[in-house]
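Undergrad: 3D, please:
(chains A and B)
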Amino acid sequence: MKKIQLILLFSFFINLVIANEVNVYTSRHYDSDDALYEEFTDETGIEVNIISGKGSALLQRLKAEGKNSPADIFFTVDAGNLWKVQKEGLFQSIQSKKVLTEVPENLRGPNDEWTAIAKRARVIFYNPENVSDELVENFNYEDLADQKWNKRIVIRSSNNMYNQSLVASLIENIGEEATEKWAKKLVGNFARKPQGNDRSQIIAVANGEADLAVANSYYIGIMLSGSAGQEQLEAAKKVKMIFPNQENRGAHINISGAGILKNAPNKDNANSFIEFLISKRVQKYMIDKSYEYSVLNDVPPSIEIAGFGTNFKEDQTSVRSFGELNPDAVKLMDRSGWK
Amino acid sequence: MQRFLNLKLNIISSWRLLPLAVLIIFTAPLVIVLSSLLGSYSDNWLHLYEFVLLDYVNSSLILVIGVAILVLIIGTVTAWTITNYNFIGKNIFEWALILPLSIPPYILAYTFTGLFDPYGDANNLIRYLFDLSNDYVFFPNVRSMYGAIIVFSFTLYPYVYLVSRSALINQSKSMKEASRLLGLNQVQVFYKLALPMIRPAVIAGVMLVIMETLSDFGAVDHFAIETFTTGIFRTWYGLYDLQTAMQLASLLLIIIGVFYLIEKNTRGGSIYTSNNSNFSPNLEEDLQGFKALVAFLICFIPIFIGFIIPIVELSFWAYEVNLGFFNDKFVSNAINTLSLSLGTGIICAGLALLINFSIRFKPNKLVEKLSSLLSLGYAVPGLILAVGMVQLMVYLDTFLFSGLDIVLTGSIFGLMIAYVIKTYALANSSIESGYQRISNSMDESSRLLGISGWRMLINIHSPLMKTALLTSVLLVMSDVVKELPATLILRPFNFETLAVSTYTYASEERMLQAAAPAIAIVIIGLIPIIFLSKMIRSSRPN
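TA: Numbers count the residues shown, from 1 in each chain, chains lettered A, B, ... in the order given. Below is the predicted model of the structure:
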């Protein structure tokens, strides 16, 4: 018994001394990312430990663990969650020169407490067989409320965070009252009760069930790659994608982002990890698999989505407002009857 | 000093301290969730009340009533058919009827939409076969309340089937013969005699189904139905208001608690057992022709919808992509899943045995109440439970390690406690009914022989309860294999179970990739279920 205790104690100290690791709490859990983490370990000898889950739940665990939390990095696909972590005062400023010089300022949080790792646009899909190109020329999100799309629009449920962010950005840009009017009209234009994921909306438009679908840009890339099956590939070939609001504030952008936690036990490793993620080679690899857009200006998108345009205008509305206005957006959608 | 020692011994031997202490630890996370009711109430309540709360309550009610009625019918009718008749395939149906228990409701929901959506595989096939245009949609929309009721009913009815079957097996032939002589026909015997006699067991089974239905998030979210539970999560994730979300969860817990108490009280006075000495086993009637076909269909349809359809659809998906999963991650994830579920099953069964024994040995209102509270854990959405759990682990870490380190938080230990809370109801229900079959005279005789306390539990009750104990371990296992939300947030670094792998893909909306791990869940979930079905067959008297 004594012996076992000694061995346990010994191995505990060994662990303490030689543990070369970085601990990541993440709500982004793409298969392709696992391969990246392995590569990081091969390159640096730093072990990457992962817990993946819902952003809000991970934040709760982080808060409860307090200063003893083993987490070094919080990595999420929802900007609102980055804002929440920052509001709780759980991040520290990122010091890395590489991050500060290479990631554009508007893609970093206040005080550089987090940085975007990749970005995606929330865009409109249509089937040119059913909708002429002129009808959607210079299309704005605001136009979704137009009477001419009566019962012709599909979009997923208001439970979805991307819809919540989109509505929050509208509140920021055109005000709450105008947004509520817009939402009510949009609900009237729904072709069906909101259901399914972003891809089901694209499929509905491809099959002529509706004229316009609102969905994230990378889904069309996944569908076109064929990795989601033949049917989705066929559907994706039928549709076109448009970036809204190109004549004014730009298309709505959401980000995947990461920050280093205040009590990070492995701060240096955390820094190297983030630098690794924003390095040119890794960015290219990552977005080629995920069909997102790079945070670096000189990394082109994957072939699958490059055809829809590489140089579109982005809405600069800050991530802070997505976070701050998210509850308002949800209530507004409740009031509008957006299920 | 002597007196003090006596007193101390008295307390320890009183069978109060141990169950009480254990129960307090296990109910703590639930109490933490409930304590949100004492906190402040935000303005969001006004908003919820004005715009959405009524919808949440309405759809939850319709869902639960629909599911309860359907599982009641499927569960009892199949059990009755299997117990009383002989027909082609009966020997297979007897155990195959439990198979749908290995399919998590959310997986059935995914496969249903994959098949029956307007451009799903089933509709495409029909259009292809009959050369119809793209507008033609054959199947009704499954993303609806009806779809949800079907999904829950056909994955959860085995709980009712299991209890009905074991209750019917113990019914005596003589009673049935008497009622036939008195002029009742087959159907009348079923609903006038057999059904009322097994009512307590059936209601307990339906109660389990209701609790699982209410706590589910995955399936209803996929079908876009706003239930109370989706409301809880919308409040947390969307309104950023965990406090109100926990208050909503507490409310749900209290409502279910009231039902649970009503159910317990009505059951209290109505235990029907036939006297074993006169017992004559049921004779099975041989069915031929049309009647045999009807019996066959009664048993086949639930298995077809709840098991064969999802397995076939998942196999197609898995075959199309991601078969590699079975080489890379399958073994380690399966070992994690199995050991976690086995560990939880054993703890749960042991706990339920200890508590039921202590209540029987020295009735104690507080222990009884805490045990009921723990049973309600089954109805709490996993992630809400996890929040209470993280809180408790951090308290314990602060208490044990004076806040210097965190050891329990994010450990397998915490994860297991969460699972125990979540599944205690399953273990408790079968241990409770097991105890009802041990007569009090047995306890009295063993006491006369000087056997009491631990020795009675170990030497007399445990052997008698072997079947009940195994059943509870297996029921818990089959549920833990499927569990997801608590795992996600409470697990240690790099710890993956099969459900986590499924979620990883499903949350990215990559159902084809999710199919392989989903099949793995079913395969691992089949292990306890195969044991379960073997036990049913051997539980038949004589």
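
Undergrad: from now on I want contacts and neighbour counts done on CA atoms only, so please keep to that.
TA: OK.

Undergrad: in stretch B:490-497, what's buried?
TA: Residues of stretch B:490-497 classed as buried: B:490, B:491, B:492, B:493, B:495, B:496, B:497 (neighbour count, 16 or more other Cα atoms under 10 Å in any protein chain shown).

Undergrad: between the two ends of that stretch, how far is it?
TA: Terminal residues of stretch B:490-497 are spaced 12 Å apart (Cα to Cα, to the nearest Å).

Undergrad: quick one: contacts of that stretch?
TA: With contacts defined as Cα atoms under 8 Å, 6 or more residues apart in numbering or on different chains, stretch B:490-497 is touched by A:23, A:49-51, B:333-334, B:336-337, B:386, B:390, B:409-412, B:414-415.

Undergrad: which of those sit farthest apart?
TA: Among the contacts of stretch B:490-497, the pair separated by the greatest distance (Cα to Cα) is B:334 and B:390, at 25.1 Å.

Undergrad: of these two, who's got more company?
TA: The neighbour comparison of residue B:334 against residue B:390 (other Cα atoms under 10 Å in any protein chain shown) goes to residue B:390, with 26 against 21.

Undergrad: give me the mean pLDDT for the helix or strand where that one lies.
TA: Under the criterion of DSSP states H and E, residue B:390 resides in helix B:382-401. The average pLDDT for helix B:382-401 rounds to 85.

Undergrad: and stretch A:57-76, by the same measure?
TA: Mean predicted lDDT for stretch A:57-76 stands at 92.

Undergrad: in that stretch, what's buried?
TA: A:57-65, A:67-76.

Undergrad: next to chain B, which bits of the stretch 151-300 of chain A? Give me the list.
TA: Taking Cα under 8 Å from any Cα of the partner chain, the part of the stretch 151-300 of chain A that reaches chain B is made up of A:157, A:159, A:161, A:164, A:194, A:195, A:196, A:197, A:207, A:227, A:228, A:229.

Undergrad: and the residue of chain A nearest chain B?
TA: Closest to chain B within chain A is residue A:327: 4.1 Å, counting by Cα to the nearest Cα.

Undergrad: now do the helix or strand hosting that residue: distance to the chain's middle.
TA: Element membership of residue A:327 [criterion: DSSP H and E] is helix A:319-336. Distance of helix A:319-336 from its chain centroid, counting by Cα atoms, centre = their mean, to the nearest Å, is 17 Å.

Undergrad: and the contacts of that helix?
TA: Contacts of helix A:319-336 (Cα under 8 Å, 6+ apart): A:79-81, A:83-84, A:109, A:158, A:164-165, A:167-169, A:171-172, A:180, A:183-184, A:187, A:254, A:339, B:47, B:51-52, B:238-240.

Undergrad: what about the stretch 401-542 of chain B, any weak spots by pLDDT?
TA: B:403, B:507-509, B:537, B:539-542 (pLDDT under 70).

Undergrad: residues of it that sit close to chain A?
TA: B:403-406, B:409, B:488-489, B:491-495, B:504-505, B:508-510, B:512-513.

Undergrad: go again with 7 Å.
TA: B:405, B:406, B:488, B:489, B:493, B:494, B:504, B:509, B:510, B:512 (Cα under 7 Å from any Cα of the partner chain).

Undergrad: what's the farthest-apart pair in those residues?
TA: B:405 and B:512 (41.7 Å).

Undergrad: so between those two, which is more surrounded?
TA: Shown here are residue B:405 and residue B:512; by other Cα under 10 Å, residue B:512 has more neighbours (23 against 17).

Undergrad: and that one, what helix or strand is that in?
TA: helix B:511-538.

Undergrad: and that helix, which residues are buried?
TA: B:511-522, B:524-526, B:528-529, B:532-533, B:535-536.

Undergrad: so residue B:409 is in contact with residue B:395, correct?
TA: No. With contacts counted by Cα atoms under 7 Å, residue B:409 stays clear of residue B:395, the gap being 9.4 Å.

Undergrad: thanks again, I'm all set now.
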